[in-house]
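Engineer: Generate coordinates for the sequence data below:
(2 chains)
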Amino acid sequence: MQKKILMVVLLFLGSFFMSGSNLDDQITQREKEIKILKDKLEPMVTPILVKDCHLRLWISKQWLASMINSYNRLPLPQRRYTFQMTQGIGRLKDQWGGGLGCGFYVEVDSNRFHMALTVDSLKNQWQNGIAIETHFNLRGRVQLHGHVRGFACPFKSCRDCTVGGGFGTRVGTDISAHSSLSIRLHLKKQGNTFQYQLIQDHETIVPLTLRFHLNRAGNIAISVPFKLPAGIWFHGKLPEFLEYRNLVKIGSISKPILSKKYRLILLPHRIRFIQSGLELKVNAKIEWL
Amino acid sequence: MIFIRKREKKTVPVYTIIIFILALIAVNCSACSTTRQIKQQRLNLLNVKYENLKALRSLLATQSDPEISCDFSLFISTEKINQVLTGVDNVSGLLTGIKEAVFHINSIRTHFDDGFPGVTIIAWVEHTRYKFRVDLELTAVLELRIPSNDLSKATIKVHVKEVVPKARWGFLKFKFRGFIKDLIHLKINSYIQLLPELSFPLKSEIDLKLPAQTKTLNFNAGDGRIIGNLFVPAVGGRKTLKVKQILFLSDGVHVYLNFK
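Structural biologist: Model (predicted):
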């Protein structure tokens, strides 16, 4: 009986201490396994680590391309750019002939010249950035005022002009053209933010010809090379992902022991197109409020 | 008689030993069990670390760069997270559930390992009446949550996995019992709510609208020039973000998102 009690006590003690040493063994074993796993992981993880900034935002090129493609599915009014004339300088055609000769002139009647440029499709290409080829059609209407000073007599030999101002007419004419232009997405850091720009690098000329008949002046064709000048078409700030003012608190939500506000001041570091997309790197300063 | 006396002499030491051993166990049990519990916590922590590493490895084995399968990614460095955490350095408060106990947090710092969002909390708890102090070093794991019904913020909650306590009373250092033991073994989880909840507000909806604009055009027309306004319509709209994957790596937190 006594031996049995002794055995039980010894077994209890043995198992008690054994359990402790068993835990030590398990810890050692696990640590070894973790080291092996970490060694295997290192070459897989290293390429995706970010070392040179505090915040990084990446946008995939597929997503950017899908945004451009989704433009093609927009309703027509959102793809239509309208032009309205506000002022004319000089005349479209001026062959008035001075004080001696006969002739005519043509001008836009009371700025009544409007056009609508509708983008048919956008096609994008990724070449260390986004190049966008825009195909569009242009339709418009111009109200022209023509003025002719006719000859004094109906014979060909008669070259004298009529006395007075001659006669004028007003005529409306339709214009239409199909063309394309190239724009590209440019990104840059500006102050404490990043800016995007849609830039047209080269001037694009849409050849338009106004054709109409002006009585005795006959058929007149006026070239109106509609010029889309090189420059920035759109610009704006890239969306801000992180709010500037945040809160850190300790304790329960209803009764925080400490609640401190801070402001995150973003300092743009770099923006660039990489093979997989667009990368923005930002450093940040924290200011406690 | 002699035989009987001999038997009595033989029996006494055995019971004495048993009583002595049981007394020893009783005296040391709490300390031993605490030591064992700390070891067990250590093992639990290592197990969590191991599982996280395994999960990361299997993820990276299937896709070497998680960015490939998403629209956006956002990275926040460990350095910046720790800088935010300095805001709660040296904070004190009453400990709920234990009378006259006050906790002090010296510092909370992240130490992300690849696949393992670890946090070390240096804190101490004191009993104001007995001037008894326990220094605590807690190793916790961060859990980043972005509620599906509120994508406006990412909340980081802290889960304690390991506690290493050192008790002090005046200049003496102690093994611990009583309220300290409670603190370590049973009540830690109830104190978790005292740890900071960090939130990184993320905009769930992003405005990608290009505003309507008017541009002045000036071009040749025949012998003259035409000047006018080109009206550019507004395009775009609001898009909703959805979090796909969150990775804690040694450099910081990587959040991978898709647009809905």
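Engineer: what's near enough to touch residue A:272?
Structural biologist: A:187, A:278, A:279 (Cβ atoms under 8 Å, 6 or more residues apart in numbering or on different chains). C-betas here are computed from N, CA, C, even on glycine.
Engineer: how close does it get to chain B?
Structural biologist: 15 Å (Cβ to the nearest Cβ, to the nearest Å).
Engineer: Bridge partners for the nearest residue to residue A:227 once chain neighbours are set aside, pull those for me.
Structural biologist: Nearest residue to residue A:227, sequence neighbours excluded (Cβ to Cβ, 6 or more residues apart in numbering or on different chains): residue B:219, at 3.8 Å. Beta bridges link residue B:219 to residue B:226 when assigned by DSSP bridges.
Engineer: sorry, back to before: let's have the contacts of residue A:272 in JSON lines, adding neighbour count and secondary structure.
Structural biologist: Shown next, in JSON lines, are those (neighbours: other Cβ atoms under 10 Å in any protein chain shown; DSSP: H, G, I helix; E, B strand; the rest coil):
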{"residue": "A:187", "neighbour count": "18", "secondary structure": "strand"}
{"residue": "A:278", "neighbour count": "23", "secondary structure": "strand"}
{"residue": "A:279", "neighbour count": "19", "secondary structure": "strand"}
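Engineer: What score does residue 44 have for pLDDT?
Structural biologist: Here I'm looking at chain A. Among the per-residue scores, residue A:44 shows a pLDDT of 93.
Engineer: actually it's chain B I care about, not the one you picked
Structural biologist: In this model, residue B:44 carries a pLDDT of 80.
Engineer: ok so, going back, check the gap between the residue nearest to residue A:227 and residue B:257 for me.
Structural biologist: For residue B:219, the distance to residue B:257 equals 44 Å [Cβ to Cβ, to the nearest Å].
Engineer: Next, format the contacts of residue A:272 as JSON lines and append pLDDT.
Structural biologist: Output for those, formatted as JSON lines (pLDDT from 0 to 100):
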{"residue": "A:187", "pLDDT": "83"}
{"residue": "A:278", "pLDDT": "88"}
{"residue": "A:279", "pLDDT": "90"}
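Engineer: mind listing the helices for the stretch 51-200 of chain B?
Structural biologist: Secondary structure of the stretch 51-200 of chain B (DSSP state H, counting those that start in this stretch): helices located at B:78-85, B:178-185, B:188-191.
Engineer: For those, which has the smallest mean pLDDT value?
Structural biologist: Comparing mean pLDDT across those, the weakest is helix B:178-185, with a mean of 52.
Engineer: And the helices in the stretch 51-200 of chain A?
Structural biologist: Under DSSP H, counting those that start in this stretch, the stretch 51-200 of chain A gives helices at A:61-72.
Engineer: Relative to residue B:230, which of the contacts of residue A:272 is nearest.
Structural biologist: Nearest to residue B:230 among the contacts of residue A:272 is residue A:187, at 23.9 Å by Cβ to Cβ.
Engineer: Quick one: residues contacting that closest one.
Structural biologist: A:194, A:195, A:196, A:197, A:238, A:271, A:272, A:273, A:278.
Engineer: List the beta-bridge partners for it.
Structural biologist: Note on residue A:187: beta-bridge partners residue A:196, judged by DSSP bridges.
Engineer: Low-confidence stretches in the stretch 51-200 of chain B?
Structural biologist: For the stretch 51-200 of chain B, the stretches with pLDDT under 70 are B:95-97, B:144-157, B:159, B:161-200.
Engineer: Just give me the neighbour total for residue B:122.
Structural biologist: For residue B:122, the count of nearby residues is 15 (other Cβ atoms under 10 Å in any protein chain shown).
Engineer: partners of it in the sheet?
Structural biologist: Beta-bridge pairing for residue B:122 (DSSP bridges): residue B:107, residue B:137.
Engineer: Correct me if wrong: it contacts residue B:91.
Structural biologist: No - if you go by Cβ atoms under 8 Å, residue B:122 and residue B:91 don't touch, sitting 12.0 Å apart.
Engineer: which residues do these two both contact?
Structural biologist: The contact sets of residue B:122 and residue B:91 overlap at residue B:105 (Cβ under 8 Å, 6+ apart).
Engineer: and the gap between the nearest residue to residue B:142 once chain neighbours are set aside and chain A?
Structural biologist: Distances taken as Cβ to Cβ, 6+ apart place residue B:117 nearest to residue B:142, at 3.9 Å, with adjacent residues excluded. According to Cβ to the nearest Cβ, residue B:117 stands 14 Å off from chain A.
Engineer: Strands of the stretch 101-250 of chain B, start to end?
Structural biologist: Along the stretch 101-250 of chain B, the segments classed as strands by DSSP state E, counting those that start in this stretch run B:101-110, B:118-127, B:132-145, B:153-169, B:172-174, B:197-201, B:205-207, B:213-221, B:224-232, B:238-249.
Engineer: same question but for the stretch 51-200 of chain A, I mixed them up
Structural biologist: A:55-60, A:80-89, A:93-95, A:103-126, A:130-149, A:167-190, A:193-200.
Engineer: Just give me the lowest mean pLDDT stretch among these.
Structural biologist: strand A:93-95 (a mean of 78).
Engineer: Show me what that one pairs with in its sheet, parallel or antiparallel.
Structural biologist: Sheet pairing for strand A:93-95, using DSSP bridges, gives strand A:103-126 (antiparallel).
Engineer: Give the buried residues for the partner strand.
Structural biologist: For strand A:103-126, a neighbour-count test (16 or more other Cβ atoms under 10 Å in any protein chain shown) marks A:103-109, A:113, A:115-117, A:119, A:122, A:124 as buried.
Engineer: For these, work out which two are farthest apart.
Structural biologist: Every pair of those checked by Cβ to Cβ; the farthest is A:103 and A:124, at 50.4 Å.
Engineer: what bridges to the closest residue to residue A:83 other than its chain neighbours?
Structural biologist: Counting by Cβ to Cβ, 6+ apart, residue A:83 lies nearest to residue A:115, which is 4.4 Å off, once chain neighbours are set aside. Per DSSP bridges, the residues bridged to residue A:115 are residue A:83, residue A:140.
Engineer: residues touching residue A:115, list them.
Structural biologist: The contact partners of residue A:115, taken as Cβ under 8 Å, 6+ apart, are A:82, A:83, A:138, A:139, A:140, A:175, A:226.
Engineer: Show me what stretch A:132-143 is in contact with.
Structural biologist: Stretch A:132-143 is contacted by residues A:68, A:83, A:108-110, A:112-125, A:170-185, A:198, A:206, A:208, A:210, A:226 when judged by Cβ under 8 Å, 6+ apart.
Engineer: Tell me, how many residues neighbour whatever residue of chain B ends up closest to chain A?
Structural biologist: The nearest approach of chain B to chain A comes at residue B:224, 3.0 Å away (Cβ to the nearest Cβ). Other residues near residue B:224 come to 19 when the count uses other Cβ under 10 Å.
Engineer: Enumerate every residue touching it.
Structural biologist: So residue B:224 contacts A:88, A:89, A:90, A:91, A:92, A:94, A:107 (Cβ under 8 Å, 6+ apart).
Engineer: ok, for the first one, nearest residue in space, not its chain neighbours?
Structural biologist: If the residues on either side of it in the chain are set aside, residue A:88 comes closest to residue A:108, at 5.1 Å by Cβ to Cβ, 6+ apart.
Engineer: my read: the one you found touches residue A:92, true?
Structural biologist: Yes - under the criterion of Cβ under 8 Å, residue A:108 makes contact with residue A:92 at 6.7 Å.
Engineer: Now list whatever residues contact both of these two.
Structural biologist: Shared contacts of residue A:108 and residue A:92, counting by Cβ under 8 Å, 6+ apart, come down to A:144, B:221.
Engineer: how far away is the residue of the stretch 101-250 of chain A found nearest chain B from residue A:186?
Structural biologist: Ranking the residues of the stretch 101-250 of chain A by distance to chain B (Cβ to the nearest Cβ) places residue A:227 first, at 3.8 Å. When Cβ to Cβ is the yardstick, residue A:227 and residue A:186 sit 21 Å from each other.
Engineer: related to what we said a few turns ago, who does the residue nearest to residue A:88 bridge with?
Structural biologist: Residue A:108 has the following beta-bridge partners by DSSP bridges: residue A:144.
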